[in-house]
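Engineer: sequence first, then the predicted structure:
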Amino acid sequence: MDLGLKDRVIVVTGGGAGIGEAITRACIDEGAHVVVVSRASQGVLNFLAEMQPGSHCHFVETHLEDPLQCRRAIEYVERQHGRIDGLVNNAGANDGVGLANGDPDRFLESLRQNLVHYYAMAHYALPMLKKSQGSIVNISSKVALTGQGGTSAYAAAKGAQLALTREWAAELLPFGIRVNSVLPAEVLTPLYKRWLESKEDPATALKAITDRIPLGHRMTEGSEIAAMTVFLLSSKQSGHTTAQHLIVDGGYTHLDRTLT
């Protein structure tokens with residue numbers, strides 16, 4: 001299927017690790033130019049070192065919790081490429097700031113890490129997205145829909161991302177900009193692996209999770225989240241899809257627990 005992304009410019013926050021890395025790879029496979037906007041972790045640098053010359057992958061080191069750095073990242077894209085055809089808001093992590101074990105300052109800091117840059121990046125990219133009639137994809141989480149416990153700030157951020165998806169879809173209708181969300185549940189990212197390794201018996205902990213995933217009793221692959229994301233970026237193949245929350249999770253969120 002031709003997604004029509006060849007030579008399109010796609011910005012992916014957190015695009016050098018985990019789900020973001022899978023999205024970056026999928027966009028590059030479609031011939032897009034990808035700008036990865038994130039901190040310069042060792043994992044990100046290792047990923048960028050793998051990229052072949054001519055792969056059209058660029059990196060802007062950015063602390064996304066700082067709106068000024070978000071603006072500078074978008075200004076870099078404008079200088080280098082002159083356009084943005086797609087924005088994937090992806091960066092963030094479940095930091096476990098709960099109601100009892102957190103405090104208002106930590107809650108606000110978590111929102112800066114997980115939510116505020118979604119708005120900042122979309123705000124600063126908007127003039128170029130209007131010109132290209134581009135697409136925004138917000139990577140959210142099943143935590144936006146299901147109570148998990150012990151993660152108030154992350155849940156608030158993820159729920160807000162869904163609200164913003166439909167708010168922006170409504171506001172940007174006159175400009176032909178589509179806005180959608182993708183919601184993963186259980187994906188074996190590097191962060192997830194580190195969490196498992198903190199358990200006394202990682203293999204048993206992993207099996208306890210996969211046993212509860214209805215379709216195939218397996219984790220969702222990052223490439224499966226990426227496939228949905230690049231489809232939504234494609235005006236050629238998903239040109240009449242907007243304001244949608246698409247859940248890629250093997251039925252984890254919605255199917256009856258008696259199935260597992």
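Structural biologist: Received, thanks.
Engineer: which ones are touching G20?
Structural biologist: Neighbour list for G20: 12-14, 36, 38, 88, 90-91, 139 [criterion: CB atoms under 8 Å, 6 or more residues apart in numbering]. Any C-beta I mention is one placed from the backbone N, CA and C, and that applies to glycine too.
Engineer: most neighbours among the residues you listed, which one?
Structural biologist: Greatest neighbour count in the contacts of G20, by other CB atoms under 10 Å, goes to V12: 32 neighbours.
Engineer: may I have the phi/psi pair for it?
Structural biologist: Reported as degrees, to the nearest 10, the phi and psi values for V12 are phi -130, psi 110.
Engineer: for it, give its distance to V36.
Structural biologist: 6 Å (CB to CB, to the nearest Å).
Engineer: what does the pLDDT read for G239?
Structural biologist: For G239, the pLDDT comes out at 97.
Engineer: revised request: answer the last question for A49.
Structural biologist: Confidence score, pLDDT, at A49: 85.
Engineer: strands of the stretch 101-250 of the chain, start to end?
Structural biologist: 135-139, 178-184, 245-248 (DSSP state E, counting those that start in this stretch).
Engineer: reformat the ones you listed as a markdown table; add mean pLDDT.
Structural biologist: A markdown table is the format used below for those (pLDDT from 0 to 100):
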| stretch | mean pLDDT |
| --- | --- |
| strand 135-139 | 98 |
| strand 178-184 | 98 |
| strand 245-248 | 98 |
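Engineer: what strand or helix carries V44?
Structural biologist: Element membership for V44, per DSSP states H and E: helix 42-50.
Engineer: now do the buried residues in that helix.
Structural biologist: 44, 47-48 (16 or more other CB atoms under 10 Å).
Engineer: do stretch 147-166 as well
Structural biologist: Buried-residue list, stretch 147-166, by 16+ other CB under 10 Å: 151-162, 164-166.
Engineer: coming back round to it: quick check, nearest of the contacts of G20 to L173?
Structural biologist: Using CB to CB, V88 is the member of the contacts of G20 that sits closest to L173, with 20.3 Å.
Engineer: number of residues surrounding P127?
Structural biologist: Neighbours around P127, by other CB under 10 Å: 11.
Engineer: mind checking how far it is from G134?
Structural biologist: Taken as CB to CB, the span from P127 to G134 is 11 Å.
Engineer: do the same with A144
Structural biologist: Distance from A144 to G134, counting by CB to CB: 24 Å.
Engineer: what do you get for V35?
Structural biologist: 13 Å.
Engineer: try E167
Structural biologist: 17 Å.
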